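**Q** Whatever this is, show me its structure:
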Amino acid sequence: MSTVIDRPRVTPTTSAVTATSAAPTRSAGLRAVAEAGLDRLAGLLAAHSITVLRVSLGVVFLTFASFKFVAGASPAEGLAVATVDKLTLGIVSGDAALLMTAVMETVIGLCLLTGRFLRFGLVVLATALAGIMSPLVLFPDQMWSGNGPTLVGQYVFKDIVLIAGGLVVAAHALGARLQRD
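**A** Numbering: from 1, shown residues only. So this is what the prediction gives:
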């Protein structure tokens, strides 16, 4: 709700300052219509944005996974294999590491996309995110160049957005709801 404030005005003929009464104007009506529209938009966003985020994260994970099922198709294949190899102390390496990564990303993607078994998918996501971000610590030489992050490093850094989105979806799955002020 807005309040109209009387403002002093200088009249050109006398240069005296007088107060004017601000009558409702056309701009106040337009402002009310705009605020009502924004309220409606906020309601739509509150009702649907988490679902859109969940589904889009699912599509992203399924897309990443699909490339890992085909040897040589994923630009992150080498990094994924090296990371799983290092995190499992060499127990899982090579094609098995790539397949494990692809299966985890597929499970995450399907759970997010469909909304079914969502809590399970979020647990898998939490596990995967530890692995997804670990190259920053495990392979710093591949993440940084003299001028900042390498292309591989940028690939890992974009996953921070996936983490943030996953946290929002997880909070919603655990009962949190958007609250309008």
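**Q** okay, Thr18: pLDDT?
**A** With respect to pLDDT, Thr18 has a value of 49.
**Q** er, Ala46 actually
**A** 78.
**Q** I'd assumed Leu178 was in contact with it.
**A** Yes. The pair formed by Ala46 and Leu178 meets the contact definition of CB atoms under 8 Å, at 4.4 Å. Where you see a C-beta, it was placed from the backbone N, CA and C, and this is true even at glycine.
**Q** now the helix of greatest length in the chain: how far from the chain's centre is it?
**A** Counting residues, the longest helix found in the chain (DSSP state H) is helix 26-68. Distance of helix 26-68 from the chain centroid (CA atoms, centre = their mean, to the nearest Å) equals 12 Å.
**Q** Give me the contact list for the following helix or strand past it.
**A** Next in sequence after helix 26-68, counting helices and strands by DSSP states H and E, comes helix 77-87. The contact list for helix 77-87 (CB atoms under 8 Å, 6 or more residues apart in numbering) reads 67-68, 71, 74, 92-94, 97-98, 100-101, 131, 134-135, 138-139, 142, 152, 155-156.
**Q** try stretch 104-112
**A** With CB under 8 Å, 6+ apart, stretch 104-112 has contacts from 54-55, 57-65, 68, 116-118, 120-122, 124-125, 127-128, 169.
**Q** would you put the C-alpha positions of that stretch in PDB?
**A** Provided in PDB are the C-alpha atoms of stretch 104-112 (Å, rounded to 0.1, in the frame of the first residue of the first chain):
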ATOM      1  CA  MET A 104      23.900 -42.300 -10.000                       C
ATOM      2  CA  GLU A 105      23.200 -39.300 -12.200                       C
ATOM      3  CA  THR A 106      20.400 -41.200 -13.900                       C
ATOM      4  CA  VAL A 107      18.800 -42.100 -10.500                       C
ATOM      5  CA  ILE A 108      19.100 -38.500  -9.400                       C
ATOM      6  CA  GLY A 109      17.600 -37.200 -12.700                       C
ATOM      7  CA  LEU A 110      14.700 -39.600 -12.700                       C
ATOM      8  CA  CYS A 111      13.800 -38.900  -9.100                       C
ATOM      9  CA  LEU A 112      13.900 -35.200  -9.600                       C
END
